[in-house]
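Asks: have a look; sequence and predicted model below, questions after that.
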Amino acid sequence: MHEKLLPLLLAGIAAPAMTQTIPPQIAAEQVMSEPNNSGYALGQHGNGNFKFAQTFQLPRAGAVTHIMLPIYCSTAQTVRVTVQATLRTGLPSGIVLATQDVPGYAMNSWMAGNGMMSMRMVEFEQPRPLQAGNYAFTVEAIGGECTFLPGPASDTYAGGQAFIINGISLLSWYAWGRDLAFQVFERPR
């Protein structure tokens with residue numbers, strides 16, 4: 001009797017271990033912030049509708065599972081983050097590979113007096129497998145305003161650059177001259 005139960009017991013123990021997936025890993029990041037900066041408008045501010053993008057490199061094939069961003073929303077109902085292909089020029093292409101909406105109230109990052117900042121997670125419900133290469137994520141606030149805490153005023157992430165649209169004078173993506181503060185997580189294949 002015990003000889004028949006032992007294989008079943010061992011199979012029951014091994015099965016969960018075999019089905020576990022590789023945890024997400026940081027694929028790209030720039031976590032420095034600009035000291036003494038209260039942030040930049042994201043979403044409706046004055047006559048503008050500010051949106052940001054950051055290009056980044058995936059070093060290996062896998063699915064982008066989530067992105068960490070330093071955003072504080074005061075009135076926005078929703079924050080939308082997309083992952084896009086890039087053009088040969090390095091700009092976001094508009095071809096959306098993944099998108100996720102997050103309630104504005106869930107985006108409540110803060111910055112301490114010593115320059116430390118918190119980030120909030122935008123987790124993709126349906127991560128899409130991607131090849132290694134260059135991509136962009138875009139960030140926009142819908143139905144109000146948020147504040148995006150910036151990276152330093154320099155090129156602090158060699159794998160890409162940040163872009164901005166303000167809907168007034170900048171109607172297409174314009175190089176911002178700095179990188180965003182961010183972390184991109186991917187589950188390798």
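Replies: Happy to help now that I have it. None of these values were measured; they are calculated from a predicted model.
Asks: hey, let's count contacts and neighbours off CA atoms from now on
Replies: Fine.
Asks: surely residue 57 and residue 133 touch.
Replies: Yes. Residue 57 lies in contact with residue 133 (C-alpha atoms under 8 Å); the separation is 5.6 Å.
Asks: comparing those two, which residue is more hemmed in?
Replies: residue 57 (17 against 13; other C-alpha atoms under 10 Å).
Asks: with adjacent residues omitted, what lies nearest to the residue nearest the centre of the chain?
Replies: Centroid-nearest residue in the chain: residue 67, 2.9 Å away (criterion: C-alpha atoms, centre = their mean). Take residue 67 and drop its neighbours on the chain: the residue closest to it by C-alpha to C-alpha, 6 or more residues apart in numbering is residue 184, 4.6 Å away.
Asks: can you count the residues close to the one you found?
Replies: So residue 184, with other C-alpha under 10 Å, has 23 neighbours.
Asks: which residues does it bridge with?
Replies: Beta bridges link residue 184 to residue 28, residue 67, judged by DSSP bridges.
Asks: mind listing the helices for this structure?
Replies: Taking DSSP state H as the test, the helices found in the chain are 2-19.
Asks: and the strands in it?
Replies: 25-30, 40-45, 48-58, 62-69, 71-73, 78-86, 92-103, 120-123, 129-130, 133-142, 145-148, 162-165, 174-175, 182-188 (DSSP state E).
Asks: one step back: list the contacts of the residue nearest to the centre of the chain.
Replies: 121-123, 182-185 (C-alpha atoms under 8 Å, 6 or more residues apart in numbering).
Asks: distance check, it against residue 183.
Replies: Separation of residue 67 from residue 183 (C-alpha to C-alpha, to the nearest Å): 6 Å.
Asks: not counting sequence-adjacent ones, nearest residue to residue 103?
Replies: residue 78 (4.6 Å).
Asks: pull the number of nearby residues for that neighbour.
Replies: Using other C-alpha under 10 Å, residue 78 has 23 other residues around it.
Asks: where's it relative to residue 177, distance?
Replies: 27 Å.
Asks: and what of residue 126?
Replies: Following C-alpha to C-alpha, the distance that separates residue 126 from residue 177 is 32 Å.
Asks: picking up where we left off before, as TSV, the contacts of residue 67 with pLDDT and distance to residue 141 would be great.
Replies: Shown next, in TSV, are the contacts of residue 67 (pLDDT from 0 to 100; distance: C-alpha to C-alpha, whole Å):
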residue	pLDDT	distance to residue 141
121	95	15
122	96	13
123	96	16
182	95	16
183	97	19
184	97	19
185	97	21
